[in-house]
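Novice: Got a predicted structure plus its sequence, pasted below:
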Amino acid sequence: AYEIRIRNDGSKAAQNVRLACDMPAGVTLMGTEGPSTHALDKGVLHFKPISEIPAGGKVAYRIRVVGKTAGNLRLRAKLTSNAATE
């Protein structure tokens, strides 16, 4: 399983927070847990945006996979919001 923890260290709420993950070749998605639903499209796992994470707020996602090949399989995550696009 991969776990992604998001914490808003800013002084104001983060709005429209989006998480997308490039799934590594060689794994099969078994399920996810977290504050929003997901869709898998062409090897990219997209989570529905979170409307707001308050200042000091935290959320976490857990992505469960099964490895189909040997090796070091890394998931790449991208987090964006209305305030930060990278």
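Specialist: Yes, it's here. Numbers count the residues shown, from 1 in each chain.

Novice: Only C-alpha atoms from now on, for both contacts and neighbour counts.
Specialist: OK.

Novice: quick one: contacts for the most centrally placed residue in the chain?
Specialist: Centroid-nearest residue in the chain, with Cα atoms, centre = their mean: Leu19, separated by 4.1 Å. Residues in contact with Leu19 (Cα atoms under 8 Å, 6 or more residues apart in numbering) are 46-49, 77-80.

Novice: same deal with Ala1?
Specialist: Ala1 touches 62-65, counting by Cα under 8 Å, 6+ apart.

Novice: One more pass at 6 Å, please.
Specialist: By Cα atoms under 6 Å, 6 or more residues apart in numbering, the contact set of Ala1 is 63-65.

Novice: Drop anything exposed from those.
Specialist: Among those, those classed as buried by 16 or more other Cα atoms under 10 Å are 63, 65.

Novice: So which of the contacts of Ala1 belong to strands?
Specialist: When these are checked against strands (DSSP state E), the matches are 63-65.

Novice: Would you mind giving the residues you listed as CSV with pLDDT and distance to Asp41 added?
Specialist: Shown next, in CSV, are the ones in strands among the contacts of Ala1 (pLDDT from 0 to 100; distance: Cα to Cα, whole Å):
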residue, pLDDT, distance to Asp41
Ile63, 96, 15
Arg64, 96, 17
Val65, 94, 16
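
Novice: Can you tell me how far Ser11 is from Ile53?
Specialist: In this view, Ser11 and Ile53 are 11 Å apart by Cα to Cα, to the nearest Å.

Novice: For the two, indicate the residue with more neighbours.
Specialist: Using other Cα atoms under 10 Å as the criterion, Ser11 and Ile53 rank with Ile53 on top: 18 against 9.

Novice: Kindly state the beta-bridge partners for the more buried one.
Specialist: Bridge pairing for Ile53 (DSSP bridges) gives the partners Ala14.

Novice: all strands in this structure, in order from the N-terminus.
Specialist: Under the criterion DSSP E, the chain contains strands at 2-7, 14-22, 27-33, 38-41, 44-47, 50-53, 58-67, 76-80.

Novice: ok so, going back, can you redo the contacts of Leu19 as JSON lines with pLDDT and neighbour count?
Specialist: Converted to JSON lines, the contacts of Leu19 look like this (pLDDT from 0 to 100; neighbours: other Cα atoms under 10 Å):
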{"residue": "His46", "pLDDT": "97", "neighbour count": "19"}
{"residue": "Phe47", "pLDDT": "97", "neighbour count": "20"}
{"residue": "Lys48", "pLDDT": "97", "neighbour count": "15"}
{"residue": "Pro49", "pLDDT": "97", "neighbour count": "18"}
{"residue": "Ala77", "pLDDT": "96", "neighbour count": "14"}
{"residue": "Lys78", "pLDDT": "96", "neighbour count": "12"}
{"residue": "Leu79", "pLDDT": "95", "neighbour count": "13"}
{"residue": "Thr80", "pLDDT": "94", "neighbour count": "16"}
